[in-house]
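Engineer: Sequence and computational prediction follow.
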Amino acid sequence: MQDFDERKRMILGGAAILLNLLSIMVFSMLLIVVAGSFFLKVKPISLAQYSAPSRRRILWLFVLSPWFVGLFAATLVLFSGSQYTPIPEAYDFFHWHHPDEFIFNSWHGLSMALAIICAGFLVVREVKRLILHSHHVSLLHELAEPDQKNFCYLDADEPMAFTAGYIKPRCYMTSALRNQLTAEECAIIELHEYGHAQRLDPLKKWLFQLLASFFPSGVSRQMNQMMVLAMEQCADSAVSRVIPDKSLIAMTLLKVRRLVAGPDEKISADRTICHYGLDNISERISYLLSERKQKVFPYFTAFSTILLVLVVCTLSADIFHHTIEYTLSH
Amino acid sequence: MNLGELEKLVLKYFWQTEEADAKQVHAYFEQSRGGSLNTIQSTLDRLYKKGLLKREKESHAYRYRAAKQRKAFIGQLIQDVTQDFVFGDEDSLFAAFVSLSTEMNEAQIDKLEKLIQDYRCKISTKEKE
């Protein structure tokens, strides 16, 4: 009778393999997120010496690594004992004892339920924000006046220029800003915003934010700020490819900064906290005018780190499994 | 805030017209769009509930007018768009030419201006050589 009850709570076959795969993936991801966050806290990564496109790649690799390393490690662990494995000798090092059985009423089931609830909450929260934001943007677009180059102008008193929209991003500038700029300065802003639109930056920012939200909030905020800065610097570089006078681009940045701040904002000397994310303008101007050769994407370091993490995750699956079951049975 | 197609059109109408009642709005849209007086009345009511229209009762009918003029409405919308994804001191999701959260003091701005001037001097010296 007890055996019959247990069978009712057990899944066998393909669905069980999939659930076990997800279970190992979740634990691998957790391991990477915890280790990565700890590493960032102990030794904050200094990406300043890398070029903006390289920084973007490093940050994408960082937020994506829990997903693809987790999936790859789970696949390796699960299929090492099956008939399809290319290396049967590897079974001694990494294996899963019951790949085609999944018991809901166990720590596997509980951890899977928790993981699905947490991931579901994060995804639903971000998608809800995305939908709300899209409504605001589409309403704004209704009220904008596009020019021949598809740059949208808004009749407003706030001096602003920005790119918004996900599938078809559009560039906006308010009349208050345009009226205070020269034709050359307007052209710089237009090129900068086109740079964002061409690379679908708003959508990428959202996706990055979603992936970063699986990390602790402090780490996620730090990564988002680094990504925002890298994206702005890439857009500035796109302008400098058309307008070679970098000092003019930098002066425009500073001028727009002053206009956006307005006379009411407190630009005082008593601000003692220097925050990386709040200091975008100086970072951007320094980067723009810098003649120092920036480092490129560290392919070797990145891929050897990923490989090392993959090996650790794969090997620790069995140890982790035994540790939990030993703890729970005592 | 979500606005339907008719709501947007009615709002635009009120930015051009000082005030009107449901019958006047219906008469305006009847030729171009069709639709019943009931539809217009419920649209006006929804816009009022969303805070986009104001109304006053005159005998048995309400007279409506825009709560915010076009410029102020766009300004509010820009603020909504820029604030949707802001958490604490984080940057928002949209890509602005300069970040709203960027705060700088005068000393930092002076330092940046000097940096730009130095760069200009360096470039002009190079060009002369």
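Structural biologist: Right, received. Where do you want to start?
Engineer: Could you list the low-pLDDT ranges of chain B?
Structural biologist: Low-confidence segments of chain B (pLDDT under 70): B:1, B:84-104.
Engineer: can I see the domain layout of it?
Structural biologist: Following automatic domain parsing, one finds the domains of chain B at B:5-66, B:84-128.
Engineer: who wins for proximity to chain A among those domains?
Structural biologist: With CB to the nearest CB, the closest approach to chain A among these belongs to domain B:84-128: 3.9 Å. C-beta coordinates here come from the backbone N, C-alpha and C atoms, glycine included.
Engineer: Where does the spatially most central residue of chain A fall, secondary structure wise?
Structural biologist: Nearest residue to the geometric centre of chain A (CA atoms, centre = their mean): A:Phe208, 2.5 Å. Under the criterion of DSSP states H and E, A:Phe208 resides in helix A:201-212.
Engineer: Could you tell me which residues make contact with residue 74?
Structural biologist: Defaulting to chain A. Under the criterion of CB atoms under 8 Å, 6 or more residues apart in numbering or on different chains, the neighbours of A:Ala74 are A:Leu21, A:Leu22, A:Ser23, A:Ile24, A:Met25, A:Ser28, A:Ala317.
Engineer: meant chain B actually
Structural biologist: Counting by CB under 8 Å, 6+ apart, B:Ile74 makes contact with A:Leu140, A:Leu143, A:Leu154, A:Asp155, A:Ala156, A:Thr174.
Engineer: can you redo those as JSON lines with neighbour count and secondary structure?
Structural biologist: Converted to JSON lines, the contacts of B:Ile74 look like this (neighbours: other CB atoms under 10 Å in any protein chain shown; DSSP: H, G, I helix; E, B strand; the rest coil):
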{"residue": "A:Leu140", "neighbour count": "22", "secondary structure": "helix"}
{"residue": "A:Leu143", "neighbour count": "18", "secondary structure": "helix"}
{"residue": "A:Leu154", "neighbour count": "25", "secondary structure": "strand"}
{"residue": "A:Asp155", "neighbour count": "15", "secondary structure": "coil"}
{"residue": "A:Ala156", "neighbour count": "26", "secondary structure": "coil"}
{"residue": "A:Thr174", "neighbour count": "22", "secondary structure": "strand"}
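Engineer: among these, which are in reach of chain B?
Structural biologist: A:Leu140, A:Leu143, A:Leu154, A:Asp155, A:Ala156, A:Thr174 (CB under 8 Å from any CB of the partner chain).
Engineer: Name the nearest of these relative to B:Val81.
Structural biologist: Distances from B:Val81 to the ones next to chain B among the contacts of B:Ile74, taken as CB to CB, are shortest for A:Leu140 (5.9 Å).
Engineer: do you know how far that closest one is from B:Gln79?
Structural biologist: Separation of A:Leu140 from B:Gln79 (CB to CB, to the nearest Å): 11 Å.
Engineer: Show me what the helix of greatest length in chain B is packed against.
Structural biologist: If you go by DSSP state H, chain B has its longest helix at helix B:106-128. Contacts defined by 3 or more CB pairs under 8 Å, 6 or more residues apart in numbering or on different chains; DSSP states H and E place helix B:106-128 against helix A:246-261, helix A:280-289.
Engineer: Tell me which of these sits nearest to B:Gly35.
Structural biologist: With respect to B:Gly35, and counting by CB to CB, the nearest of the helices and strands packed on helix B:106-128 is helix A:246-261 at 42.4 Å.
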